[in-house]
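1. For reference, the sequence and a predicted model appear below.
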Amino acid sequence: MKINLVHLGLQIIASLVLVFFFIPMGCGFNTAGYMKHSSELMEQYREMQLPQQLSYFYCGRENMPYAVVGIDPAYAFETKIWFPIEFGPELYRKIDHLSNLERSQNRMYARTIIGPTGQAIGVWFSFYYSTGVIVDDENHRIQVFNPYKPESRRDFF
């Protein structure tokens, strides 16, 4: 079997370029935020002492939302499915009436939303464990996905 050294060399160079250039470049655009459990946040909610400086939103039904978030106003928030809530009694009423449609979820979660660089940029309340968060720190933008997934409900029969 005859080995074409030029062809083999080009394949090796292409592989090295891929490994050392494109993969690290893609990893450099870290836009994944995440949520971290916060017992302090749950206590602030119980004592009606949530941070006033955050901008609050809910998604889902008005009388039984799926989630409530508070976002640092320094970040532009993608609000296609989220509706604003005034800080005060209405905010606490929304959290009090969060939807508990998921059979496997029997407790409310209070989480801090953390950006890619590790800073706290918001809060999350829901009976859903978590959801996706995309943060663009360079442009100060954040997107939080709706946690409700209709296909997850399988109580037809």
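-> Everything's here; your move.
2. CA only for contacts and neighbour counts going forward, please
-> OK.
3. Per-residue pLDDT of the spatially closest residue to F145 that is not a sequence neighbour, please?
-> Closest residue to F145 apart from its sequence neighbours, by C-alpha to C-alpha, 6 or more residues apart in numbering: G132 at 5.4 Å. You'll see G132 listed with a pLDDT of 85.
4. and G132, what does it touch?
-> Taking C-alpha atoms under 8 Å, 6 or more residues apart in numbering, we find G132 in contact with 33-34, 144-145, 147.
5. do you know how far it is from Q143?
-> Per C-alpha to C-alpha, to the nearest Å, G132 is found 8 Å from Q143.
6. Among the contacts of G132, which one has the most neighbours?
-> G33 (23 neighbours; other C-alpha atoms under 10 Å).
7. which residues does that residue contact?
-> With contact set as C-alpha under 8 Å, 6+ apart, G33 has these partners: 113-116, 132-135.
8. Where do the domain boundaries of this structure fall?
-> Annotated domains of the chain cover 1-29, 31-152 [automatic domain parsing].
9. tell me, which of these is the model least confident about?
-> Mean pLDDT values for these show the minimum at domain 1-29, a mean of 57.
10. hey, what's K36 bridged with?
-> Under DSSP bridges, the beta-bridge partners of K36 are T112.
11. still on that earlier bit, can you say which of the domains of the chain is packed in most?
-> Mean neighbour count, computed with mean count of other C-alpha atoms under 10 Å, is highest for domain 31-152 among the domains of the chain, reaching a mean of 17.
12. From the rest of the structure, what touches stretch 46-59?
-> 41, 44, 65-73, 81-87, 91-92, 94, 122, 146.
13. Strands - which of those land there?
-> Within the contacts of stretch 46-59, residues falling in strands by DSSP state E are 65-71, 83-85, 122.
14. In a markdown table, list these along with distance to F57.
-> As requested, those are exported to a markdown table (distance: C-alpha to C-alpha, whole Å):
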| residue | distance to F57 |
| --- | --- |
| P65 | 10 |
| Y66 | 11 |
| A67 | 8 |
| V68 | 6 |
| V69 | 5 |
| G70 | 6 |
| I71 | 8 |
| F83 | 5 |
| P84 | 4 |
| I85 | 5 |
| G122 | 11 |
